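Enquirer: Need coordinates for the following:
(one chain, ligands or ions: 1)
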Amino acid sequence: MHRLQLSKVNVVNSQGLAKIYTLQRLIASIPSVILFMTSQIRFLMCAPDHYDVDYVINPWMEGNIHKSSRDRAVEQWERLHHILKEHAIVDLVTPEKGVPDMVFTANAGLLLGKTVVLSRFFHKERQGEEPYFKQWFEENGYTVKELPKDLPFEGAGDALLDREGRWLWAGYGFRSELDSHPYLAKWLDIEVLSLRLTDDRFYHLDTCFCPLNNGYLLYYPPAFDSYSNRLIEMRVSSEKRIAILEPDAVNFACNAVNIESIVVMNKASEALKKRLENVGFRVIETPLTEFLKAGGAAKCLTLRVTEPVREELHANVSVESRILRLEGHLLDTGMINRALDLIVDNGGSFQVLNFSLGEQRQSTSAAEVKVSAPSHEVMEEILSQLIDLGAVNLPQDERDAKLEPVIQPGVAPDDFYVSTIYPTEVRLNSSWVKVENQRMDGAIAITKSSNGMVAKCKLLRDLEVGEQVVVDVQGIRTIRKPESREQRNTQEFSFMSAGVSSERRVELVVEQVAWELRKIRDAGGKVVVTAGAVVIHTGGGEHLAQLIREGYVQALLGGNAIAVHDIEQAMMGTSLGVDMKRGIAVRGGHRHHLKVINTIRRYGSIAKAVEAGVMKSGVMYECVHNHVPFSLAGSIRDDGPLPDTEMDLIKAQSEYAQLIKGAEMILMLSSMLHSIGVGNMTAAGVKMVCVDINPAVVTKLSDRGSVESVGVVTDVGLFLSLLVQQLDKLTSPYTLKVR
Ligand code: ARG
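Expert: You can find the predicted model right below:
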């Protein structure tokens with residue numbers, strides 16, 4: 001206090017000295033000399049007569065029950081009281097028995113001007129304090145606002161005014177509910193910026209965040225989610241942000257009382273003290289270790305009851321809420337958990353308004369959930385993920401999808417909705433239109449046709465000027481098959497829902513795939529195979545060739561390599577120079593595949609080479625011979641390439657897309673890139689079997705969240721050999737019992 005007054009004198013009297021004070025220091029020192037203001041600042045405290053750690057409602061209290069010394073607590077509290085009385089007026093509220101945390105008056109409520117929003121404690125252990133604080137506020141002339149029941153909010157512990165009064169920072173995530181924030185904005189007529197706390201040690205905003213005079217901010221960034229950190233950085237310029245490190249944070253350095261230029265706290269590192277002094281603050285340390293055992297320190301023990309209103313500012317709250325309806329086997333499938341977790345993980349909060357539980361195993365459940373998010377941006381993120389889960393908006397809330405035109409070919413409007421593998425519908429002119437060409441990672445383009453509006457999934461590069469693209473997340477729904485546990489178990493492909501299968505399950509999987517292949521073939525359906533060169537190296541070539549010959553495969557997708565090594569084997573008996581019969585490298589064998597490429601190039605195409613009788617067996621031979629279309633997509637590492645290999649990847653992608661149209665099942669055999677490529681273009685509902693010796697590949701592909709995909713971690717040559725054996729056993733599909 002004294003020092004700063006002196007510095008003010010210096011600033012006024014000596015031009016020379018003034019220059020050594022940075023502008024920031026100058027600003028920081030001004031209010032300290034306006035003594036009448038200082039004297040008007042009031043705090044509310046509550047003596048620790050009944051203070052103790054009686055229960056555990058935060059991590060600091062764990063292991064500390066009855067471990068704090070009352071005497072030391074009294075002594076520490078009195079020292080704090082004394083310091084504050086030197087700089088402000090301190091009012092006292094009578095301590096009450098049975099509510100040991102009442103010392104933490106920060107949690108009494110949130111004040112602005114003469115209005116107070118009374119706290120509604122999250123834990124029943126503290127709810128007993130509410131009437132005592134309410135009484136004090138009423139007796140002292142405040143208008144008390146009370147939140148609806150079941151809407152927790154813990155006062156100034158979780159809501160901190162910018163010290164310039166420009167806005168209110170409000171925390172949520174542990175004690176206060178996001179949905180309380182719009183009430184704060186409305187009742188206090190101020191802009192509310194919602195910050196999500198993510199570290200349970202910093203369960204109240206004031207444990208990790210402390211706005212200081214002149215727009216400075218002392219805070220511990222890791223206590224917040226990334227969206228909140230971004231918001232903080234947008235509002236507080238970098239030179240005003242004083243981010244502290246964990247050692248200071250766990251000493252509750254952010255739990256500080258700031259009166260003009262002094263900052264009172266439990267403890268600060270030398271570095272932090274320096275940092276604060278450099279911008280004109282003086283740190284007063286006063287040990288509050290007994291209160292740390294309950295998870296509180298200086299700021300928690302005080303409530304600033306004089307918070308002047310800035311008349312020119314008005315309410316503004318970016319919290320948005322929407323009511324959604326979820327329907328399906330919500331419990332059986334774990335959908336409800338996934339939906340609620342997803343809301344919270346993305347920074348939102350929810351309230352289940354009603355839940356009707358399907359009574360029979362086969363009947364579905366429905367839930368109405370109110371979702372709140374701190375901003376429109378977060379809401380969109382949450383909604384788009386909920387849409388992917390199959391959540392739909394409430395009918396009375398239904399609105400048409402928002403459209404924006406394509407103005408540059410191949411470029412979507414910024415906010416475009418990214419499509420998923422699930423059947424999707426968009427609402428256009430009040431009716432739901434099914435999206436065609438469903439695939440993931442596309443945009444939904446809308447065009448008019450003679451019989452109404454057409455919606456199609458398109459890749460960005462295919463968007464044309466004049467088309468409208470669905471933006472935002474409104475008026476979009478995805479349809480998920482409402483499979484109950486029961487239904488899933490009776491379906492033949494039920495094992496598919498289990499994800500990755502281990503070795504011991506290979507045979508079971510083979511049996512079911514064989515059954516499925518036979519069924520599809522006999523019904524004239526379509527099976528597509530993507531295969532990598534490993535199929536040939538592991539001796540699977542002859543089996544795949546057999547599958548093609550016997551009509552089980554309707555299209556083959558691969559790269560240059562599978563064709564090269566297959567033809568190498570057909571023509572020279574080796575694969576990558578290894579003799580496939582004896583399993584040993586042939587001298588000079590590494591040149592074989594180039595000889596093969598050269599030969600095929602001479603003939604102009606694989607088909608022409610087959611025609612000329614150059615190759616008489618193998619996978620490619622069977623494709624040509626049986627008119628099974630194939631597409632070979634090139635890559636940077638290709639030798640040759642074969643004349644059939646498509647080196648223009650955009651063309652190759654569309655060839656692939658063309659060939660998988662109408663497929664009922666896709667067998668992905670040891671080719672990570674081709675398989676992922678295919679996975680990306682395939683809508684849900686197509687059965688996918690991914691076989692690879694590398695579990696990572698299998699997991700990646702079978703982890704699409706769709707029930708129909710399965711991964712098998714095994715040697716692909718072995719898999720194919722078992723598969724043909726199994727097919728040979730099946731004389732008719734009807735001899736196999738339906739599982
Ligand atoms: N034991 C108290 C609780 O967990 C401590 C409150 C600290 N207050 C605060 N404003 N951070 O609620």
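Enquirer: ok, now which ones touch the residue nearest to A243 when sequence neighbours are not counted?
Expert: Nearest non-adjacent residue to A243, counting by Cβ to Cβ, 6 or more residues apart in numbering: P221, 5.2 Å away. (Glycine included, C-beta is placed from N, CA and C.) By Cβ atoms under 8 Å, 6 or more residues apart in numbering, the contact set of P221 is 229, 232, 243.
Enquirer: neighbours around the first one, how many?
Expert: Counted with other Cβ atoms under 10 Å, the neighbours of N229 add up to 17.
Enquirer: confidence score at the closest residue to it other than its chain neighbours?
Expert: Excluding the flanking residues, the one nearest N229 by Cβ to Cβ, 6+ apart is P221, at 5.5 Å. Looking at P221, its pLDDT is 98.
Enquirer: who in the stretch 451-600 of the chain is up against the ligand?
Expert: Counting by Cβ under 6 Å from any ligand atom, the stretch 451-600 of the chain comes close to the ligand at no residue.
Enquirer: the helices in the stretch 451-600 of the chain, which residues?
Expert: 485-490, 506-522, 534-537, 541-549, 560-572, 592-603 (DSSP state H, counting those that start in this stretch).
Enquirer: Let's have the ones you listed in a markdown table, adding distance to L357, mean neighbour count and mean pLDDT.
Expert: What follows is the helices of the stretch 451-600 of the chain, written out as a markdown table (distance: least, Cβ to Cβ, whole Å; neighbours: other Cβ atoms under 10 Å; pLDDT from 0 to 100):
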| stretch | distance to L357 | mean neighbour count | mean pLDDT |
| --- | --- | --- | --- |
| helix 485-490 | 14 | 13 | 46 |
| helix 506-522 | 33 | 19 | 91 |
| helix 534-537 | 48 | 25 | 95 |
| helix 541-549 | 46 | 23 | 97 |
| helix 560-572 | 51 | 26 | 95 |
| helix 592-603 | 62 | 18 | 95 |
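Enquirer: Find the nearest non-adjacent residue to the spatially most central residue of the chain, please.
Expert: The residue lying closest to the centre of the chain (Cα atoms, centre = their mean) is N346, at 5.0 Å. Among residues not flanking N346 along the chain, I382 sits closest, at 4.8 Å (Cβ to Cβ, 6+ apart).
Enquirer: Smallest gap between the stretch 551-700 of the chain and the ligand, at which residue?
Expert: Using Cβ to the nearest ligand atom, T699 is the residue of the stretch 551-700 of the chain that sits closest to the ligand, at 41.1 Å.
Enquirer: quick one: secondary structure of that residue?
Expert: Assigned by DSSP: H, G, I helix; E, B strand; the rest coil, the conformation of T699 is helix.
Enquirer: gap between it and L160?
Expert: 44 Å (Cβ to Cβ, to the nearest Å).
Enquirer: And those two? Which one has more around it.
Expert: Between T699 and L160, counted using other Cβ under 10 Å, the more crowded position is L160 (23 against 15).
Enquirer: so where's the protein uncertain?
Expert: Low-confidence regions of the chain, defined by pLDDT under 70, span residues 1-39, 391-397, 481-504, 702-707, 731-739.
Enquirer: State the helix or strand in which M61 lies.
Expert: For M61, there is no enclosing helix or strand under DSSP states H and E.
Enquirer: Please read the previous query as pertaining to V263.
Expert: Using DSSP H and E, V263 falls within strand 262-265.
Enquirer: list the contacts for I606?
Expert: By Cβ under 8 Å, 6+ apart, the contact list for I606 reads 563, 567, 600, 615, 620, 623-624, 642-644.
Enquirer: Also A159?
Expert: Each residue near A159 by Cβ under 8 Å, 6+ apart is listed here: 110, 153, 168-171, 176, 184, 205.
Enquirer: now, which of those sits nearest the ligand?
Expert: Set against the ligand, the nearest of these by Cβ to the nearest ligand atom is L205 (8.0 Å).
Enquirer: Rebuild the contacts of A159 as CSV, extending it with secondary structure and distance to E550.
Expert: CSV is the format used below for the contacts of A159 (DSSP: H, G, I helix; E, B strand; the rest coil; distance: Cβ to Cβ, whole Å):
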residue, secondary structure, distance to E550
L110, strand, 75
F153, strand, 69
L168, strand, 72
W169, strand, 69
A170, strand, 67
G171, strand, 66
S176, coil, 66
L184, helix, 71
L205, helix, 68
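Enquirer: Show me the two of those that sit farthest apart.
Expert: Maximum pairwise distance in those, criterion Cβ to Cβ, is 13.8 Å, between F153 and W169.
Enquirer: Looking at these two, which has the bigger crowd around it?
Expert: Using other Cβ under 10 Å, the more surrounded residue of F153 and W169 is F153, with 28 against 25.
Enquirer: what ranges do the helices span in the stretch 301-450 of the chain?
Expert: Using DSSP H, counting those that start in this stretch, helices in the stretch 301-450 of the chain cover 335-345, 376-389.
Enquirer: Tell me which of those is the most buried.
Expert: Stretch with highest mean neighbour count among the helices of the stretch 301-450 of the chain: helix 376-389 (a mean of 20; mean count of other Cβ atoms under 10 Å).
Enquirer: Up against the ligand, what does the stretch 201-350 of the chain have?
Expert: Within the stretch 201-350 of the chain, the positions adjacent to the ligand are 204, 206-207, 294-296, 300 by Cβ under 6 Å from any ligand atom.
Enquirer: can you name the two of those that are farthest apart?
Expert: D206 and A294 (13.9 Å).
Enquirer: These two: who's more crowded?
Expert: Shown here are D206 and A294; by other Cβ under 10 Å, D206 has more neighbours (30 against 25).
Enquirer: shouldn't the more buried one be in contact with A297?
Expert: No - judged on Cβ atoms under 8 Å, D206 makes no contact with A297 at a distance of 9.2 Å.
Enquirer: Give the residues shared as contacts by the two.
Expert: N255.
Enquirer: Can you pull the phi/psi pair for the closest residue to D388 other than its chain neighbours?
Expert: Excluding the flanking residues, the one nearest D388 by Cβ to Cβ, 6+ apart is T420, at 4.9 Å. Taking degrees, to the nearest 10, you get phi -120, psi -180 for the backbone angles of T420.
Enquirer: Now restrict the contacts of I606 to buried residues only.
Expert: Neighbour-count burial (16 or more other Cβ atoms under 10 Å) applied to the contacts of I606 gives 563, 567, 600, 615, 620, 623-624, 642-644.
Enquirer: Now the two most distant members of the residues you listed.
Expert: Using Cβ to Cβ, the two most remote members of the buried ones among the contacts of I606 are C623 and P643, lying 14.9 Å apart.
Enquirer: now that we have the contacts of A159, which one has the most neighbours?
Expert: Using other Cβ under 10 Å as the neighbour criterion, S176 leads the contacts of A159 with 32 neighbours.
Enquirer: What residues does that residue make contact with?
Expert: 122, 152-154, 158-159, 170.
Enquirer: Quick one: neighbours of K370, just the number.
Expert: Around K370 there are 14 residues (other Cβ under 10 Å).
Enquirer: mind listing what the nearest residue to it once chain neighbours are set aside touches?
Expert: In space, K370 comes closest to Q351 once its chain neighbours are excluded; the distance is 4.4 Å by Cβ to Cβ, 6+ apart. With contact taken as Cβ under 8 Å, 6+ apart, Q351 is in contact with 179, 369-370, 372.
Enquirer: For those residues, which ChimeraX command selects only the ones that are buried?
Expert: Selection of buried members from those for ChimeraX, criterion 16+ other Cβ under 10 Å:
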select :179,369,372
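Enquirer: Just the closest of the contacts of Q351 to the ligand, please.
Expert: Nearest member of the contacts of Q351 to the ligand, counting by Cβ to the nearest ligand atom, is D179, at 19.9 Å.
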